[in-house]
Structure formats: C-alpha cells, structure tokens
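> I need the structure of the sequence given here:
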Amino acid sequence: MTTIIVCDTCDYSMLEKLHEGKTGGEILAEHVERLAADTDVKVKRQSCLMGCERHCNVAIQAEGKLTYVLGKFDPNAHSAEAVVEYAQRHIESETGQVPFKQWPQGVKGHFVARIPSLN
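Here you go, the predicted structure:
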C-alpha cells in the first residue's frame with residue numbers, strides 16, 4: 001500500500017507560518033485526505049519532515065519500493081490533486097519509479113529526494 005506522508009507543521013508560505021489559524025501543511029493535508037479518501041492511497045500526517053526551506057512537504061512511500069520526497073507546494077486542492085495522482089501511479093509501479101511522461105504536471109519541479117527501499 002502506498003502512503004502519502006504530509007508534513008503538517010510546514011509553513012503556509014515563505015512569508016507566512018499560518019493562514020486563518022492553520023499551517024500550510026495542515027491545509028495541504030486536509031486537501032490530500034479528502035482527495036485520497038476514495039482511492040487505494042493511505043494518508044498519514046507527520047510533524048516536520050525537515051524540509052522547512054521548501055514549505056509544504058510530502059513523502060510517498062510503500063514497502064519494497066522507492067520513496068520520494070517532494071516539497072515547495074502551495075497548500076491547495078491543485079497541489080493535492082497532483083500528489084494523489086502521482087501516488088496512484090506509484091501504486092501501479094513495481095518499484096515505485098514512475099516514468100517522467102506519466103508525472104502529473106503539478107509535481108514536476110517539486111522532487112527533493114529519492115530514497116531506496118530498505119527491502
């Protein structure tokens with residue numbers, strides 16, 4: 001099962017920690033949770049993925065597959081849609097690697113790290 005881990009402590013923007021009392025990470029997590037609800041993707045919140053210079057960070061992982069860390073998202077439904085769509089393609093991949101031509105436009109330019117599987 002592929003899991004999207006959303007940093008719920010990420011700032012709203014480079015200049016603003018909170019927006020209407022919520023962090024950007026909380027807002028992004030709400031969007032991701034709503035969009036992933038009818039999919040095979042699991043969503044988990046995590047306090048601090050240590051990517052503070054790239055607010056609104058997520059990790060996409062599954063046992064035996066590559067893990068991807070992405071950041072610098074705007075905390076909105078458009079970003080969440082791209083993350084969930086990428087995670088669904090991660091599910092379909094035997095190794096977790098998704099061919100570039102299948103990447104949703106909204107994740108391009110947001111990749112921070114690819115972490116090898118521990119298995």
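
> for the residue sitting nearest the centre point of the chain, list each beta-bridge partner.
Nearest to the geometric centre of the chain sits Val58, at 3.2 Å (C-alpha atoms, centre = their mean). For Val58, the beta-bridge partners are Val6, Leu70 (DSSP bridges).

> name the single longest helix found in the chain.
Looking across the chain with DSSP state H, the single longest helix is helix 77-92.

> tell me the mean pLDDT over that helix?
For helix 77-92, mean pLDDT is 98.

> can you point out the buried residues in it?
Residues Ser79, Ala80, Ala82, Val83, Val84, Glu85, Tyr86, Ala87, Gln88, Arg89, His90, Ile91 are the ones in helix 77-92 that count as buried (16 or more other C-beta atoms under 10 Å). Quick note: C-beta positions are derived from backbone N, CA and C, even for glycine.

> which helices and strands sit right next to it?
strand 3-7, helix 24-36, strand 58-61, strand 67-70 (3 or more C-beta pairs under 8 Å, 6 or more residues apart in numbering; DSSP states H and E).

> now do stretch 44-60: distance to the chain's middle.
8 Å (C-alpha atoms, centre = their mean, to the nearest Å).

> any idea of the mean pLDDT for that stretch?
Mean predicted lDDT for stretch 44-60 stands at 94.

> what about that stretch, how long is it end to end?
End-to-end distance for stretch 44-60: 10 Å, by C-alpha to C-alpha, to the nearest Å.

> what does stretch 34-42 give?
One end of stretch 34-42 sits 11 Å from the other (C-alpha to C-alpha).

> how far away from the center of its chain is it?
Distance of stretch 34-42 from its chain centroid, counting by C-alpha atoms, centre = their mean, is 13 Å.
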